[in-house]
Structures are given as structure tokens and as C-alpha cells.
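Participant: Everything below, folded, please.
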Amino acid sequence: MSQEISSAEAQHRIINVASSSNAATHTQHPEAQWFAKAALGLFIHWGIPSVCGECDLSWSMRKSSPGIRKLVAERHGLQGPGITVTPEEYWDFAKKFKPQEFQPEKMLAAAKDAGFTYAVLTTKHHDGFALWPSGHGDFSTKNFMGGRDLVGEYVEACRKTGMKAGLYFSPPDWFFNKEYSDFGCVDGEFYDTAHKKFKPRTPSEEETAAYCEFTGKQIEELLTRYGKIDLLWFDGEIPDRAPISLERIRELQPSIVLNNRIGFGDYITPEGVFPKERPGGWWEECHCWNEGGWGYRSHEIYKPSGFVSMELAKVRGWAGNFLLNVAPDGQGRLPDVCYRRFEELARWMKTCGEAYYDVGIGPWPEQANVPITSKADGTWYIHIDFLSEGQVSINGLERKPKSLRNLRTGENINYSFKDSTLKFELDAGKISLMGEIIVMN
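Facilitator: Numbering: from 1, shown residues only. From the prediction side, this is the model:
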């Protein structure tokens, strides 16, 4: 979470994220239909500030308001606050970014075992540093790592592990636009790359055209260098113009899936919060597994695996996907705690994975007080999270269920059925920290 920008909505205003609540239509290409049933995706936020371990990607270079650390800590816990650096100090991290222990196949294999089916890597965040040796601009691995292609290594690892390969790309590029953009506004004063007061200006038509052309060429590099790319995850727009058209993207990658944060796309992606209303069409919730922001923090705190099972149940109950973020350090390593979480989730999925994959929606919340997923054969999976008091009620049923069984333990569950309403209760103190899933036939 940014020091200055403490909500996703505020960040999205700065980078011009489209505010559409629904993606009206999605691609009908047969090789893109995997997305509807993907269930669980791995977001990988990684970049040059990982060498610091105390600040987030991009947002930490914006001038902070007084008292922001305390505010962030009150909202997000003591693991939330990070340091603020000037853009000049931030971009200097590129000189130290030498990830000698980046092993994408290792992390993706562990994620695959835990039930993840696709991955999305930040190829370039708002800070402007490209994780591939781009032929456009002068701020990429071409200039600082001898041309090492971290994106290429990641895509190859996706193919080896059977994960769908997704690429995150930020059209907003604060390095490219540093001469005329501000890096924070405090008490009505704007700040430059050294966090000195200055007056930002509107770029000229020539500057905007050059920016748009540069951005479009980098996107085309990503779409032409690595073979088939399964998903492109945009994060922001260039005001009043698109760096690349939907038609051009489909020409280069006919079966690609796109989020809609560039003004068009196949699905919406609410950030860090479950939507208040069920979205129409394809959708995905993105959220942090790691605490303190999207990027690497040296305290290496990760939410418990029960958070994943709990949130995934809600998302799948509304036919969405859950894109869960992890953050490698400056050497390219995921922390040990992340691998432990993968192992915990893998054990859960071995027993209970059927409740999340190849499932449809259930009658929640209209008829039930807990999320429900369902199979085509009529089997329902009733999801009870670890914070629940264990009381479940489902109304409007046409007939009495044949049986109720705890998917984790195999135990049969006693229940009552009266006036088309099913009720049962679990001992709240004995609900697993991963939750419980009750199978109803």
C-alpha cells in the first residue's frame, strides 16, 4: 500500500484506470475459454525496489503527506507502512537489481501443485523499468543487466510447468514522462523527481504522440517475442488515446485474454475487495497474499492459507477467478513462508479441490448465508470459513437432500429440513483454520 495513496480507487484515478463495472462481452476464441474455469491465478509483482525491501513498486516514489504512515498502519496493520524515496533514488535501484537466484520454474511448479492454473508477471510497472531487454527506451534489462530477459525466463517456466502465461504491462510510464509529470501533491504543492516543489505541465502533442508510440512498440514486443501469450493484464490508460488497438492485439495474439483496464477487454478485475454485486460476464478479483503492499517487503508476512480458501469460495461462488499476489526479493527468491503457504494449500486442494474447479454458481446470497459452488450433476459444495459461527441455512430447496458430508473429514452431517429450508450447525470451535466444505447430494 502506498504511503501517499492509501486506496486502490485513488491510485486508479492517477493512472487513468477505466471504471467500467462490467466487461460487456468477451472473446469467443476457443483457445481463450480456459479463463472461465481457471479459478486461481498467481500474480507476481516484482521489480527494482525489491532490492530495498521497504517500499512498494512505483507508489513509494510519490511524496508523502504528513502522518500517512500512522494512517496506513491504522487501516492495514503495522505491516502496512513503508518508506518513501524520491524518484531519483528509486530509479537508482536499477543499478543494484541483479537477481542471480531467480528460478521461475521452482515457484511456478510449487504454485501449480497448490492449484494455481495461470500466472501474471509485472513486465513493467508504472516506474517504467522493463524486465526484458526492450528495443525501445533506455530503462530496461538491456541497460542494466546485460540484456538478460527475465520475461523470457518466466514464459519458458510457464510452459514447462503447464501454467497459462500472463503478462502485466503498465501503459503509464513515470520514467518516460518524468520531465513534465508530478510525483505527489501535498497541501496543493507539486513535487518533481527530487521531491522539490515545481509546476507540472501538460505535455505537448509531439510528446504525447512519442509516448503513445513508445508504449505501443513495447506492447508489440511482448506480443511477438515469446510465442503464444495467454493473457495480457493492462494497468492504466494514456488519456484520450490508446497505444495499441484491440484489433492489433488480436492480430498478433488471436486467442489472448485481456483485462479491461485499458478501456477495452474481456473481463473486469476488482482490486483488493470482493465486489458488492455479482459482476456480469468474466471477472477476476486480484488481491495480495503478501502483506504491506504489492511488492517485496523484508518482513515477509503472508496471510494464512485459510484466507485463500475463504476468498476463493466466494469468488468461485460467483463464477470468478482469484488472482493472488506474491513478491520475490531482489535476488528473485520467494520467501520460505510463501512456499509453506503453497504446501498448505496443496494439501487442502488434494482433499477439497473438487469444490473449486469445474464448478458453477450456487444460490448465494439469495437463498443461502454461505457461499455455494455446484457441479452439473447436482452436487453442491457448501463453504464455511474459519471465522464462521457454524450455522448454515439454505432456503427454497425443492426436495430434501440425500446426504451431507464433510469433504475434509468424511464425516456425515446431521441436518434438519422443513418448509423447503435446510439447516445445520457445526461446532464453531472445531472448524478447521482452512474452513470446512460440506458436500450436499
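Participant: phi, psi of the closest residue to residue 56 other than its chain neighbours?
Facilitator: What sits nearest to residue 56 in space, not counting adjacent residues and going by CB to CB, 6 or more residues apart in numbering, is residue 293, at 3.5 Å. To be clear about C-beta, it is placed using only N, CA and C from the backbone, and glycine gets the same treatment. Per-residue torsions, residue 293: phi 140, psi -180 (degrees, to the nearest 10).
Participant: and residue 293, how far is that from residue 233?
Facilitator: Counting by CB to CB, to the nearest Å, the gap from residue 293 to residue 233 is 18 Å.
Participant: repeat for residue 277
Facilitator: Applying CB to CB, the value for residue 277 to residue 233 is 23 Å.
Participant: more crowded one of these two?
Facilitator: residue 233 (25 against 8; other CB atoms under 10 Å).
Participant: which element follows the lowest-mean-pLDDT helix or strand in the chain toward the C-terminus?
Facilitator: Lowest on mean pLDDT, DSSP states H and E among the helices and strands of the chain sits helix 8-14, with a mean of 79. Per DSSP states H and E, the first helix or strand lying C-terminal to helix 8-14 is strand 40-44.
Participant: what's that next one packed up against?
Facilitator: Judged by 3 or more CB pairs under 8 Å, 6 or more residues apart in numbering; DSSP states H and E, strand 40-44 is in contact with helix 104-113, strand 118-124, strand 321-326.
Participant: try 7 Å
Facilitator: With contacts taken as 3 or more CB pairs under 7 Å, 6 or more residues apart in numbering; DSSP states H and E, strand 40-44 sits against strand 118-124, strand 321-326.
Participant: Quick one: mean pLDDT for the last one?
Facilitator: Which is strand 321-326. Average pLDDT, strand 321-326: 98.
Participant: center of the chain, which residue is that?
Facilitator: Per CA atoms, centre = their mean, the C-alpha nearest to the average position across the chain is that of residue 286, at 3.5 Å.
Participant: Touching, that one and residue 269? I think so.
Facilitator: Yes. At 5.4 Å, residue 286 and residue 269 qualify as touching, with contact defined as CB atoms under 7 Å.
Participant: longest helix of the protein?
Facilitator: helix 205-224 (DSSP state H).
Participant: Each with direction, which strands does the next helix or strand after it pair with?
Facilitator: With elements assigned by DSSP H and E, the helix or strand that comes after helix 205-224 is strand 231-234. Using DSSP bridges, the strands paired with strand 231-234 are strand 164-169 (parallel), strand 257-258 (parallel).
Participant: same question for the first one, mean pLDDT?
Facilitator: By that I understand strand 164-169. 98.
Participant: again, but for stretch 223-241
Facilitator: 94.
Participant: what distance separates the start and the end of that stretch?
Facilitator: In stretch 223-241, first residue to last residue: 20 Å (CA to CA, to the nearest Å).
Participant: show me where the stretch 301-441 of the chain has helices.
Facilitator: 305-317, 336-352 (DSSP state H, counting those that start in this stretch).
Participant: a markdown table please, covering these and showing distance to residue 164 and mean neighbour count.
Facilitator: Below are the helices of the stretch 301-441 of the chain laid out as a markdown table (distance: least, CB to CB, whole Å; neighbours: other CB atoms under 10 Å):
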| stretch | distance to residue 164 | mean neighbour count |
| --- | --- | --- |
| helix 305-317 | 17 | 23 |
| helix 336-352 | 17 | 18 |
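Participant: want to try JSON lines for these, with mean pLDDT and distance to residue 140 as columns?
Facilitator: Listed next are the helices of the stretch 301-441 of the chain as JSON lines, based on pLDDT from 0 to 100; distance: least, CB to CB, whole Å:
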{"stretch": "helix 305-317", "mean pLDDT": "98", "distance to residue 140": "33"}
{"stretch": "helix 336-352", "mean pLDDT": "98", "distance to residue 140": "27"}
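Participant: Can you lay out these as TSV showing distance to residue 8?
Facilitator: TSV is the format used below for these (distance: least, CB to CB, whole Å):
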stretch	distance to residue 8
helix 305-317	16
helix 336-352	22
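Participant: Among those, which comes closest to residue 173?
Facilitator: helix 336-352 (28.9 Å; CB to CB).
Participant: which secondary structure elements does that closest one contact?
Facilitator: Helix 336-352 sits against helix 104-113, helix 305-317, with contacts defined as 3+ CB pairs under 7 Å, 6+ apart.
Participant: ok, for residue 119, nearest residue in space, not its chain neighbours?
Facilitator: residue 42 (4.3 Å).
Participant: List the beta-bridge partners for that neighbour.
Facilitator: residue 119, residue 324.
Participant: In JSON lines, list the helices and strands packed on helix 336-352 along with distance to residue 225.
Facilitator: Below are the helices and strands packed on helix 336-352 laid out as JSON lines (distance: least, CB to CB, whole Å):
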{"stretch": "helix 104-113", "distance to residue 225": "16"}
{"stretch": "helix 305-317", "distance to residue 225": "32"}
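Participant: And those: which comes nearest residue 176?
Facilitator: It is, among the helices and strands packed on helix 336-352 and with distance given as CB to CB, helix 104-113, at 26.9 Å.
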